[in-house]
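*Asks:* using only what follows, build the 3D model:
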Amino acid sequence: MSEGVAQRYRELRRAVDREAHACGRDPAGITLVGISKRQRIETIAAAIHAGLSDIGESYLQEASRKMPLLPPVRKHFVGHLQTNKAKAIAAEFDVVQSVDRAAAGVALSKAAVEAGKTLPVLLQINISPVERFGCPPAEAVELAEMLRGQPGLRLEGVMAIGPVTLDRDEILRAFELAAKTFACVGGSTLSVGMSGDWREALRAGSTMLRIGEALFGPRAAKEVAR
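*Replies:* You can find the predicted model right below:
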């Protein structure tokens, strides 16, 4: 199983590089984040040993159990940011991709200051009619200005989850909206694109792809407690 994951990582990285070249982009500017929720430690470690440098987790409790057992890697929190968990998230993670409202930003900044760190964050916007979380794109610039005023945070860009649809044009339009919002917000990172839509994401300008099952394989069926 571990060898299979390592091979999938190498094949995925090559595919991303080819697609980037086809879009006239430098593959070195595109980061792969392995979304490792409900995956085995051995599976995640195999991808890291193969070259994966970033992993993402959605659930704090699961991440707290797994992170100490993994090789060194940059840890992204990609789940919904609850203010009552801000302190633990600030301590556990290197990047928080899912800041979508002022209260979450304030809580996370306070926790980061108390932990003696400046935490890189992304502003999550909502570009999908079925997504529950995320700042409306029209309100993103105002929220970005507020986040930049928080002493414990460093706003690095925008994150979004694409629409759940088989319509490739609809997916591309949603990612283009994310890219336009990113251009207004500013920063270095546009995190859009997952296992089923990363090609459209690259075409829209994504600099960070969040890949789960296409890299690690199917997740465990049982939901992990949050």
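*Asks:* and for the nearest residue to V141 once chain neighbours are set aside, the neighbour number?
*Replies:* Spatial nearest neighbour of V141, chain neighbours left out: C184 (5.3 Å); criterion: C-beta to C-beta, 6 or more residues apart in numbering. Where you see a C-beta, it was placed from the backbone N, CA and C, and this is true even at glycine. Neighbour count of C184, defined by other C-beta atoms under 10 Å: 12.
*Asks:* who touches whichever strand or helix holds C184?
*Replies:* Following DSSP states H and E, one finds C184 within helix 168-185. Residues outside helix 168-185 that contact it (C-beta atoms under 8 Å, 6 or more residues apart in numbering): 123, 125, 127-128, 137, 140-141, 144, 155, 157-158, 160, 162-163, 165, 190, 192-193, 197, 200-201, 203-206.
*Asks:* next helix or strand past that helix?
*Replies:* strand 189-191.
*Asks:* I'd like to know which elements that following strand is packed against.
*Replies:* The elements that strand 189-191 packs onto, with contact taken as 3 or more C-beta pairs under 8 Å, 6 or more residues apart in numbering; DSSP states H and E, are strand 153-161, helix 168-185, strand 208-211.
*Asks:* now for whichever helix or strand comes after that strand, which elements pack on it?
*Replies:* Sequence-wise, the next helix or strand downstream of strand 189-191 (DSSP H and E) is helix 198-204. Here helix 198-204 touches helix 2-22, helix 168-185, strand 208-211, going by 3+ C-beta pairs under 8 Å, 6+ apart.
*Asks:* can you put the helices and strands packed on strand 189-191 in a markdown table and add mean pLDDT and distance to A86?
*Replies:* Conversion of those to a markdown table gives the following (pLDDT from 0 to 100; distance: least, C-beta to C-beta, whole Å):
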| stretch | mean pLDDT | distance to A86 |
| --- | --- | --- |
| strand 153-161 | 98 | 11 |
| helix 168-185 | 97 | 21 |
| strand 208-211 | 98 | 21 |
